[in-house]
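Student: Have a look at this prediction, sequence included:
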Amino acid sequence: MPAHRPEELLTGEAIAERVTHLGHSLQARGVEVTLAEIIDAARAATLVDLSSRSEFRAALRATLVKDARHLDLFDAAFDRFFPLSAPAQASAGEPGAIDAVSVVAFEADPAALAAHLVREHGGFDGELRGERHHLQRALRAADLAQLMSDARKANPELPTAELRERIEQLKRLMAAEVRYRLGEPTEMAHHPAVQDIEFLNATRHQLDEIRDAVRPLARRLAARLARRRQAQHGRSVNFRRTMRRSLATGGTPIDVAYQRARLHRPDLFVLCDISGSVAHFSVFTLTLMSALSAEIPRCRSFVFVDAVDEVTDLLASTDHGIEPWQLMQNTNVIARDGHSDYGAVLDQFWDEVGDGDLSANSTLLITGDGRTNYRPAGDAVLEEMASRCRAVYWLNPESRAEWDTYDSEMEVYSRHCTETFEVRTVRQLVSCVEKLL
């Protein structure tokens, strides 16, 4: 069934038909929706102002959803069956006509902003690619973490929960606009297990699920690594000492001597990009690494956008439960325009930390998409750090197919890394960390 914009559904019968399809789609995804509730939803649609997308969404949500666990499923279905309106898109005007901070900070319908961001930054004027590609281009331009921080400053009285919901609504509308432009069908998307949710495409509710899952996974991973280390030490027998001891028992090696444990615990430096859509991925990486403090006791954590700041003590003081907007507010990671600048960041990190603290026992872990905004890559500095370190690893939340496209410099950075990893999900993140440790 092709997607249509709301203004094309001129009759009540057309709206009722689309609401019916929405209800059936929810049923197909395991949501308990009765025929009576679908009828109630169709009636509710006739009682609200259809020009208000938020009011229309609220009316259908109230009649079709009974369990909070199904809200994300409903929102995804609603945005597929009722994409953004053409009038809202046209009202966006010329580039820069919409004040994104005002839209998010105050009572304003974000539909026009979502359409504007996708139209201007989604890359639809060139070769058409997959939904994820165009959505990520628009999200990078939107820089939602910075937008959330700016909106908080513009309207300090706005509750955090409401601000998060507005940002989440903007993400949903942008995804719906991308799907409309690509002409994708309206069937429901697959709902993956929490460990297989992609960081860059996760909804607010899914991000909360990932956060709840990371800490227990970190504890289990720490225990598994400890057992593995102990087992490895236990298998190392010191034959010379064992034979000497056997002289006291007539040459029978009753008392086996083992090699003394020489634990190799290199210093770990974690350098995380917290700009735009990669912010949540970096925070989960910081959470995971800091929760493994028993295995990596000398771990220092840093975050950056276009400047670097250390957050080792901040993570400890918050029990490692921190969010991107908190990092933005409590660190000095923005020096100029607030867009990621890997060249400047690598220079600053080398001057303030690397030149004095990196050694042959150091491991440098960098997380980020490697997108430089067409600024100098700073790969010469990374090469110098790699020559000083035991190993340099790079974790990238984007698909490898997206590396080296547009402003991505992953090929350049990869030359100086011991290994690079595609880390799009919690499952991949845990597997990667276990391998590195």
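Tutor: Structure received.

Student: So Arg152 lies in a helix, does it not?
Tutor: Yes - assigned with DSSP: H, G, I helix; E, B strand; the rest coil, Arg152 falls within a helix.

Student: Now do the same for it: its pLDDT.
Tutor: Arg152 is assigned 88 on the pLDDT scale.

Student: Could you do Arg371 as well?
Tutor: At Arg371, the predicted lDDT confidence score is 93.

Student: same thing with Asn332?
Tutor: Asn332 is assigned a predicted lDDT (pLDDT) of 93.

Student: Find the residue closest to it in space, skipping its chain neighbours.
Tutor: Excluding its sequence neighbours, the residue lying closest to Asn332 (Cβ to Cβ, 6 or more residues apart in numbering) is Asp309, at 4.9 Å. Quick note: C-beta positions are derived from backbone N, CA and C, even for glycine.

Student: which residues sit in contact with the one you found?
Tutor: By Cβ atoms under 8 Å, 6 or more residues apart in numbering, the contact list for Asp309 reads Phe302, Val303, Thr331, Asn332, Val333.

Student: Ile38 too?
Tutor: Val19, Thr20, Gly23, His24, Leu64.

Student: what about it, distance to Leu147?
Tutor: To Leu147, Ile38 is 36 Å away according to Cβ to Cβ, to the nearest Å.

Student: cool, Ala202 as well?
Tutor: The gap separating Ala202 from Leu147 is 17 Å, by Cβ to Cβ.

Student: Check Glu323 too.
Tutor: On the measure of Cβ to Cβ, Glu323 and Leu147 end up 14 Å apart.

Student: Who has more neighbours out of these two?
Tutor: More crowded of Glu323 and Leu147, by other Cβ atoms under 10 Å: Leu147, with 23 against 18.

Student: The residue nearest to Ala307 when sequence neighbours are not counted sits in which helix or strand?
Tutor: Spatial nearest neighbour of Ala307, chain neighbours left out: Ala335 (3.8 Å); criterion: Cβ to Cβ, 6+ apart. Ala335 belongs to no helix or strand when assigned by DSSP states H and E.

Student: Arg137 - how many residues pack around it?
Tutor: Residues contacting Arg137 under the criterion other Cβ under 10 Å number 22.

Student: The residue nearest to Asn332 should be in a strand, yeah?
Tutor: Yes - according to three-state DSSP, Asp309 belongs to a strand.

Student: Next one, pLDDT for it please.
Tutor: Reported pLDDT at Asp309 in the predicted model: 96.

Student: before we move on, what about Ile197?
Tutor: pLDDT, read off for Ile197, is 84.

Student: Could you pull up the contacting residues of it?
Tutor: Gln206, Glu209, Ile210, Thr425, Val426.

Student: In ChimeraX, how would I select the buried members of the contacts of Ile38?
Tutor: Burial among the contacts of Ile38 is assessed by 16 or more other Cβ atoms under 10 Å; the matching ChimeraX selection reads:
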select :19,23,64
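
Student: Restricted to helices, list the contacts of Ile38.
Tutor: Judged by DSSP state H, helices contain the following of the contacts of Ile38: Val19, Thr20, Gly23, His24, Leu64.

Student: which one is the third one nearest to, not counting chain neighbours?
Tutor: Read that as Gly23. Ile38 (3.8 Å).

Student: How about the second one?
Tutor: Ranked by Cβ to Cβ, 6+ apart and with sequence neighbours excluded, the top spatial neighbour of Thr20 is Ile38, at 5.7 Å.

Student: do you know how far that neighbour is from Ser301?
Tutor: Taking Cβ to Cβ, one finds Ile38 at 50 Å from Ser301.

Student: Likewise for Leu182?
Tutor: Leu182 sits 38 Å away from Ser301, going by Cβ to Cβ.

Student: More neighbours: which of those two?
Tutor: Set Leu182 next to Ser301 and count neighbours by other Cβ under 10 Å: Ser301 wins out with 23 against 16.

Student: Assumed Ser340 was part of a strand.
Tutor: No - Ser340 is assigned coil when assessed by three-state DSSP, not a strand.

Student: these two touch, right, it and Val305?
Tutor: Yes - the criterion here is Cβ atoms under 8 Å, and Ser340 meets it with Val305 at 5.7 Å.

Student: With that, I have no additional questions.
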